[in-house]
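> structure for the following, please:
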Amino acid sequence: RFLRPHRWRLLGAIALVLIETVALQLGPILTQIAIDDGVRANDRSVIVTVAIVYVGAVVVAALLGWARVSYTGRLGERLNEQLRIRVFSHMQRQGVGFYTEEKAGVLLTRMTSDIEALSMLFQEGIVNLLVQIFTLLVITIALFFYDPLLAVITLLVTLPPTLVASLWFRKVSSVGYLRVRDRIADLLSHLQESLAGIRVIAAHNRRARNLVDHRAVVGEHLEAQVNTSRANSLYAPGAEMIGIATQATLLAVGGAMAASGRITVGELAAFLLFLASFFAPIQTLVQLYNSYQQGGAAIVKLRELLGTEPAIPQAPDATDLPPIDGAIELDGVTFGYETDRPVLHDVSLRIEPGETVAFVGETGSGKSTIARLLTRFHDPDVGTVRIDGHDLREITIDSLRSQLGVVPQEPFLFAGVVRDNVAFARPDADDAELQAALDAVGIGDLVERLGGLDAPVHERGASLSAGERQLLALARAFVARPRVLILDEATSNLDLNSETQVERALDVVLEGRTAVIIAHRLATARRADRIAVVDDGRIVELGSHDELVAQRGRYAAMFETWIRHGGAA
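Residues are numbered from 1 along each chain as shown. I've put the predicted structure just below:
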C-alpha cells in the first residue's frame, strides 16, 4: 500500500537493476572468448579488445550501481518519512484510553526502531533482493546455455539442502525476531519510566534496585538477540558449505568433460566463473533473509498498531457543532471503564449556559469520569451527553473540542517558549492577546521578569512552580475563548499562596462561560453556582453551597471537616 504511489519510481529502480545485472555478468563470457579465441589462437587483438570491453562493462556497472543506490536511498527515505507521519497520525487519532493501556516505551519503539528496521528492509533488502534474484536468473540461463548437464547438477546439489535450511531458519528466526522486538519495547519502556520517575526513585533510594531491574530487562533483550544470532550463525556457514561442495563437485565433473573434449577450456572457465557468481547471490540472499526476518517482525508490530481502531470513533455522518451557548445535559448516563464494573450509574443533570457547577466527592467516586465524558474521551455505555441539545456522538470531535477548554490537575507545558504554550489552542493569537491573557490571570509580571513571551519553558515546565504552571494553563484556556471550560481539580496540588492566586485567576477565566469544576478542595466548590456531590457514581446531593450546608447532608459534613482543618483560613 505504501509502495503503490511510487510504483513508477520502483519500475525505474528495477530497470537499473536489470541493466546493472547484465553488465556485471559479461565477465565470464568475455573470459571464455579471450581464452578460446585469443589465448589458444594466439590472437592478441582479441585479448586487448576483450580487456577494453571488460573494463567498459565494469565502469558501466559501477555507474549503474551508484545510480541505483542513490535512487533507492532517496525513495527509501521518502517512504520512511511517510510511514513515520502515517503512524504518528494514527496514534494522534487514538482516544486517551489507548495511551493508558499502551506503554510509552512500546509506542516509541514502533515510531523509531520498528520503522527504522522496515526502512532498512526496503533500502538494503527489497532492492538488493531484486538484484540477487535477477543475478541468479541471468546466471542460471548462462549455465544452461554453456552445458545443461552441469547446470542440472548445480541445481540438484544446491537447491534441496538450501531449501531445507531456509525453512528451518524461517521457523526459528521469525519467532526469535518477534521476541527481540518485544524486548526492545520493554527496554525502552523501562528507560522512559525510569527517566520520568527519577525524582521518586531518588527520594525512595531505589537507584540501586532500579539498576538491578534495568539489568534484568537488558539481559532479557540480550538473551533474545543471542538466540537469533545463534540461528543465523548456523544458517550462514551451512549455506556456504553447500556452495563449496557444489563447486568441488562441478570442478571434478567439468574437468573430466573438458579433458574428453566435450567442452572447451574457455567454456569450463566461464562456467566456473558463473558458478562462483552463482553462490555469491545465494549467500547474499541468506543474509537478506536474516534482514527480512527482522523487518518482518517490525511489519507485524506496525500492522498491529495501524490496525488499532480509535476507541471513540467518529460517526460517518457526524456534523460540525455550531457555535454554542454552553448548555450541558447528562441524560441517564451509565459508564464503566470495564464492561462489568460501572463507574457512573444513571447520572442525569442539566447545566445552564454560563453556569458554574462543581463536582465534589471522595477519590474514585466518579467525578473526573464525568469530565472525560464531556470532552468525549469516552462515550457512555447507556444514556446521552448533550451540549446545546446536540448528542456528542452525532457531532465531529474537532468541532466539539474547539469550543471546550480543559485545564487538568497537572497542566502539561511543552518545551519551547511561553508564547507557544499560551497560544497552544489558538496559534493565530497575536502577542497583544497573549499578554492580555497573562495579565488577566496575574502572571504577566512574572513572565516579563523571565524574559517575556520568548522566555524559555523547559520540558513539562520543570523550571516553573506548580502554581505558575497552573496559571499558564489558565492563560492558555483564556486565549482559547471556549464556551465551556472544564477544570479537573485545578487547585488540588497547590500550596495556600498559589491556590489563592489560581482562585483569583479562575474568577477572570470563568466569567461568562459555562464551567464544570472537578473540585478536591472546597474553596473552589463554594464559589460555584451549584455543587453536585458524587458518591459511588451517583449524584446524591445537588444545590448551592448555602443550600447544601443547610441540608446537613454529606456536603455539610465535608464542609465542617474542611473548616476544622483550617480550610477557611
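> strands of this structure, residue ranges please.
328-335, 344-351, 356-360, 382-387, 390-391, 404-407, 416-417, 456-457, 484-488, 514-518, 530-535, 538-543 (DSSP state E).
> out of those, the one nearest residue 77 is which?
The closest of these to residue 77 is strand 416-417. By Cβ to Cβ, the value is 27.1 Å. C-beta: built from backbone N, CA, C; applies to glycine.
> ok, and what's touching stretch 331-351?
With contact meaning Cβ atoms under 8 Å, 6 or more residues apart in numbering, stretch 331-351 is reached by 97, 326-330, 357, 366, 369-370, 373, 378-386, 514, 516, 532, 536-539, 542.
> of all the strands of the chain, which lies closest to residue 259?
strand 416-417 (80.1 Å).
> who does the closest one touch, helix- and strand-wise?
Applying 3 or more Cβ pairs under 8 Å, 6 or more residues apart in numbering; DSSP states H and E, one finds that strand 416-417 contacts strand 456-457.
> direction included, what does the strand it packs on pair up with?
Based on DSSP bridges, the pairing partners of strand 456-457 within the sheet are strand 416-417 (antiparallel).
> can you tell me what sits against the strand it pairs with?
453, 454, 455, 456, 457.
> that strand: how far from the chain's middle?
24 Å (Cα atoms, centre = their mean, to the nearest Å).
> pLDDT wise, what is residue 356 at?
Note for residue 356: predicted pLDDT of 92.
> columns pLDDT and neighbour count on top of the contacts of strand 416-417, output as TSV?
Converted to TSV, the contacts of strand 416-417 look like this (pLDDT from 0 to 100; neighbours: other Cβ atoms under 10 Å):
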residue	pLDDT	neighbour count
453	87	18
454	88	13
455	86	16
456	86	11
457	84	22
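> same list, the residues you listed, but as a markdown table with distance to residue 420 please.
Converted to a markdown table, the contacts of strand 416-417 look like this (distance: Cβ to Cβ, whole Å):
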| residue | distance to residue 420 |
| --- | --- |
| 453 | 9 |
| 454 | 10 |
| 455 | 11 |
| 456 | 10 |
| 457 | 8 |
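> list just the nearest of those residues to residue 24.
Taking the contacts of strand 416-417 together and measuring to residue 24 by Cβ to Cβ, the closest member is residue 456, at 56.3 Å.
> need the contact list for the closest one.
Neighbouring residues of residue 456 by Cβ under 8 Å, 6+ apart: 416, 417, 463.
> from these, which would you call buried?
If you count burial by 16 or more other Cβ atoms under 10 Å, none of the contacts of residue 456 comes out as buried.
> could I get those as CSV with pLDDT and distance to residue 336?
Below are these laid out as CSV (pLDDT from 0 to 100; distance: Cβ to Cβ, whole Å):
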residue, pLDDT, distance to residue 336
416, 83, 38
417, 87, 42
463, 75, 40
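> confirm for me that residue 131 is in contact with residue 17.
Yes. In this structure residue 131 lies within contact range of residue 17 using Cβ atoms under 8 Å: 5.2 Å.
> all the helices of the stretch 51-200 of the chain, in order from the start?
Ranges of helices in the stretch 51-200 of the chain, per DSSP state H, counting those that start in this stretch, are 96-101, 104-109, 115-120, 127-146, 148-196, 198-203.
> got CSV for these, with mean pLDDT and mean neighbour count too?
Output for the helices of the stretch 51-200 of the chain, formatted as CSV (pLDDT from 0 to 100; neighbours: other Cβ under 10 Å):
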stretch, mean pLDDT, mean neighbour count
helix 96-101, 68, 12
helix 104-109, 72, 19
helix 115-120, 74, 20
helix 127-146, 81, 19
helix 148-196, 78, 17
helix 198-203, 63, 11
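> I'd like those helices laid out as JSON lines, including distance to residue 68.
Listed next are these as JSON lines, based on distance: least, Cβ to Cβ, whole Å:
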{"stretch": "helix 96-101", "distance to residue 68": "41"}
{"stretch": "helix 104-109", "distance to residue 68": "31"}
{"stretch": "helix 115-120", "distance to residue 68": "16"}
{"stretch": "helix 127-146", "distance to residue 68": "7"}
{"stretch": "helix 148-196", "distance to residue 68": "26"}
{"stretch": "helix 198-203", "distance to residue 68": "47"}
